[in-house]
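Enquirer: Make a model of this:
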Amino acid sequence: MTGPATTRPAGLLAKLMAAVRPEFRSDVLIFDPRDPVFGGPACAVPGCVRAARGQGLCPGHHQRWWRTEGRPDLARFIAATDPQVAGRFGKNAASVVPASECQVSLTALAPQLRLEAQYVLQCRRDEQLARTPVTTVARMVRLLAGLPITSLMDWDEQTFRTSFGRPAPKDTGPRALVIYGLRKLEDLAEGHGWETEYPRDIWRLRRLGRRTGDGSPSRLRFDAIPQPWLKELAKRWVRWRLSSGLGSTAAARCVTVITRFAQFLAAHETGAGQLASMDRPVLERYLADLHAEFAGRPVHRTHVGLLNQFFAAIRQHGWDPTLPATATFYPEDYPKDRELLPRAVAEHVMAQVEQASNLDLWDKPAYRLVTLILIRCGLRVSDALKLPFSCVALDAGSAPYLRYHNHKMNREALVPIDEQLQQLIAEQQQRVLQRWPGGVPVLFPRPLANPDGHKPMSSTTYRDALHRWLRLCDIRDEHGQPVHLTPHQWRHSLGTRLINRDVPQEVVRRILDHDSHLMTGHYARLSDTTIRRHWERARKVNANGETVTLDPDGPLAEASWAKQRISRATQALPNGYCSLPLVKTCPHANSCLTCPMFVTTAEFLPQHRQQHQQLLQIITTAEAHGQARMAEMNRQVAGNLEKIITALGDSEARTQEATADAG
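Expert: Numbering: from 1, shown residues only. So this is what the prediction gives:
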């Protein structure tokens, strides 16, 4: 079997000779069983120097515990075991490590391939990002020795994925190690930065200093753009956007937009063979094509907007003066936004989520703490998982705040927390220090393949744990169906809760670290729903003390509610609301308590009682002075007030009784 021929970079052998250190420059590499990458933690039996495997025991002691002694209590077995005696290996088996467990011979490899293997293993040790058992290294060497290559650079990455070892999922470890090594050799031969990546049609973002993994793209592909002139402009635009701080995911979206446009031009024979022919008729045909595929969905607006930014950048930077002035999109070209409500979690579901007995079912304290931070602080899940180890800040009054990096806004932010959450964070810090006594930079280190603790937990790991936890807790919606929710919904829930508890919108904006009030206003749309619910539940009476009904499901419900909202905003009275339409003139000047349009609720009882006392004093004074007309007018108002106070007082008393019974 042969792979595609590739050109080895000039000078690679010399760079390898200079890069490989003496401890790796050997035909037979011998590793310490407790090596952080190629070994592992020592066996739990005191004095045993072999690497641990199952149950924290080396293979010999594990066999003795499991087969010979029938799996007794592990702690007692460890305390009573002689480190010099282990299972089938016999006497001194635990202190004398078999050669097969700690050494790898590279003699079967061609000279350059041998040097490359030494360099790859050296890089693996230096980075300490994942454990690589010696058995995996030995398997890789055996497979490489059977291939018709003398250098890893003889084959490309895709060939190694399909022609190395047994078909997946077997030989996953050796295959991953070879691909890792190929990338390291490419980095050594070609270096990093724009000088090496820009000419390529596939940009490797790791070589541009970009973090990859956990949902972020590892490459930007321009190879599907058939027009060379358009490909070059796309590269310039994306390089400029990346250099100005654009994220990798957003950059990949830009490439996708230009690629689709390029393929449209090629497939529909628009005549746009160069930038000068990119006129308005071409764009109108493209708008029709976008609508046929996306039909106004959010991605439709993304394609129009980014393509328009692409044209604007060409003009702004003078990359090609032949671009026609008509090559632009107008506001009418954009599909209308679909105004969606926040995806807040229903309160009866949140009650189950926040129940202490359910939170205690988390299998790891770190997952439980992440959940509480998402619920109480409203962070995006990626920001929560990347919290720094020292993430609590105190103000002058010793009040705690959570300090985090808002990746969307690319800035640091603070959100207030309570003392309980502060204590839980301190406990998580202690757990991390117990595993990594030297300290780590993140609060939630990745649990596996993270020897030095520098890699944060991935969002995929947390989401999988969240789904398992929801099933374990059997959390269900109002229809009795199992609940499926995303971590980001808790951010929506916090914003909605704060708005509905009358927290000022500016305060909510700062807590959620929104860049504008438009984002926070998204949550404020639910505030009317809460106010309306209270309005519908409250008993409303008119000036004669008669109950006023408002059918929440009637055909005029929305119109009636809108009128009440306007009345509250523009005709609020000190003791109720006016229900007279705004287009009409009030015939009862300053006589609301005798007006048929007047409506009031129990929240104004204190004002009504105070006004009633004042009216009784006025009536008494008027009668003493013989002012019969004044006494009669105020007596009518006082009578209406007595009816209102009686009706609303009875309603308030029934509400208090119901509350007491419920408590």
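
Enquirer: After the helix or strand bottoming out on mean pLDDT in the chain, which helix or strand is next?
Expert: Here the helix or strand of the chain ranked lowest by mean pLDDT, DSSP states H and E is strand 90-91, holding a mean of 40. Sequence order places strand 103-105 as the next helix or strand after strand 90-91, per DSSP states H and E.

Enquirer: Which residues in that following strand does the neighbour count mark as buried?
Expert: Judged by neighbour count (16 or more other CB atoms under 10 Å), strand 103-105 contains these buried residues: 103-104. Any C-beta I mention is one placed from the backbone N, CA and C, and that applies to glycine too.

Enquirer: now it: how far from the chain's centre is it?
Expert: 43 Å (CA atoms, centre = their mean, to the nearest Å).

Enquirer: could you say what helices and strands it packs with?
Expert: strand 28-30, helix 134-145 (3 or more CB pairs under 8 Å, 6 or more residues apart in numbering; DSSP states H and E).

Enquirer: what does the helix or strand encompassing Ile373 rub up against?
Expert: Applying DSSP H and E as the criterion places Ile373 in helix 365-377. For helix 365-377, contacts defined as CB atoms under 8 Å, 6 or more residues apart in numbering pick out 350, 353-354, 359-360, 362, 379, 381, 384-385, 387, 402, 415, 417-418, 421, 424-425, 427-428, 431, 444, 447, 457, 462, 465-466, 469, 487, 490-491, 493-494.

Enquirer: Buried ones in stretch 391-410, by neighbour count?
Expert: For stretch 391-410, the buried set under the neighbour-count rule, 16+ other CB under 10 Å, comprises 391-392, 400-402, 404-406.

Enquirer: Residues contacting that stretch, please?
Expert: By CB under 8 Å, 6+ apart, stretch 391-410 touches 245, 247, 373, 377, 379-380, 382-384, 386-388, 411-419, 421-422, 425-426, 443, 513, 515.

Enquirer: Kindly recompute the last result at 6 Å.
Expert: For stretch 391-410, contacts defined as CB atoms under 6 Å, 6 or more residues apart in numbering pick out 377, 383, 387, 412-417, 422, 425, 443, 513, 515.

Enquirer: Just the terminal-to-terminal distance for it.
Expert: 17 Å (CA to CA, to the nearest Å).

Enquirer: That stretch - what's its average pLDDT?
Expert: Averaged across stretch 391-410, pLDDT comes to 86.

Enquirer: Run the chain-centre distance for that stretch.
Expert: For stretch 391-410 - counting by CA atoms, centre = their mean - the centre lies 18 Å from the chain centre.

Enquirer: just for the stretch 151-300 of the chain, where's the confidence low?
Expert: Within the stretch 151-300 of the chain, the segments meeting pLDDT under 70 span 213-215, 269-273.

Enquirer: where do the helices sit along it?
Expert: For the stretch 151-300 of the chain, the helices defined by DSSP state H, counting those that start in this stretch cover 157-163, 172-190, 194-197, 228-243, 248-267, 280-294, 298-317.

Enquirer: Same check on the stretch 1-150 of the chain?
Expert: According to DSSP H, counting those that start in this stretch, the helices that the stretch 1-150 of the chain contains are 12-19, 59-63, 74-80, 111-127, 134-145.

Enquirer: With only the CA atoms kept, save the first one in PDB.
Expert: Presented in PDB, the C-alpha positions along helix 12-19 are these (Å, rounded to 0.1, in the frame of the first residue of the first chain):
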ATOM      1  CA  LEU A  12      13.600  19.300   8.100                       C
ATOM      2  CA  LEU A  13      16.400  16.800   8.900                       C
ATOM      3  CA  ALA A  14      18.700  19.500  10.200                       C
ATOM      4  CA  LYS A  15      15.900  21.000  12.300                       C
ATOM      5  CA  LEU A  16      15.200  17.600  13.800                       C
ATOM      6  CA  MET A  17      18.800  17.000  14.700                       C
ATOM      7  CA  ALA A  18      18.900  20.300  16.500                       C
ATOM      8  CA  ALA A  19      15.500  19.900  18.200                       C
END
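
Enquirer: contact partners of that helix?
Expert: With CB under 6 Å, 6+ apart, helix 12-19 has contacts from 115, 119, 188-189.

Enquirer: for Leu115, what are its contacts?
Expert: Leu16.

Enquirer: Adding mean neighbour count and distance to Phe264, write the helices and strands packed on strand 103-105 out as TSV.
Expert: TSV is the format used below for the helices and strands packed on strand 103-105 (neighbours: other CB atoms under 10 Å; distance: least, CB to CB, whole Å):
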stretch	mean neighbour count	distance to Phe264
strand 28-30	14	55
helix 134-145	19	45
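
Enquirer: thinking again about what came up before, among the helices of the stretch 151-300 of the chain, which is nearest Ile30?
Expert: With CB to CB as the criterion, Ile30 lies closest to helix 172-190 of the helices of the stretch 151-300 of the chain, at 18.4 Å.

Enquirer: now the contacts of stretch 391-410: which count as buried?
Expert: For the contacts of stretch 391-410, buried by 16+ other CB under 10 Å: 377, 383, 387, 413, 415, 417, 425, 443, 513.

Enquirer: taking these one by one, which sit in helices?
Expert: 377, 383, 425 (DSSP state H).

Enquirer: For Ala399, see how far away the closest residue to the last one other than its chain neighbours is.
Expert: What sits nearest to Ile425 in space, not counting adjacent residues and going by CB to CB, 6 or more residues apart in numbering, is Val392, at 5.8 Å. Relative to Ala399, Val392 is positioned 11 Å away (criterion: CB to CB, to the nearest Å).
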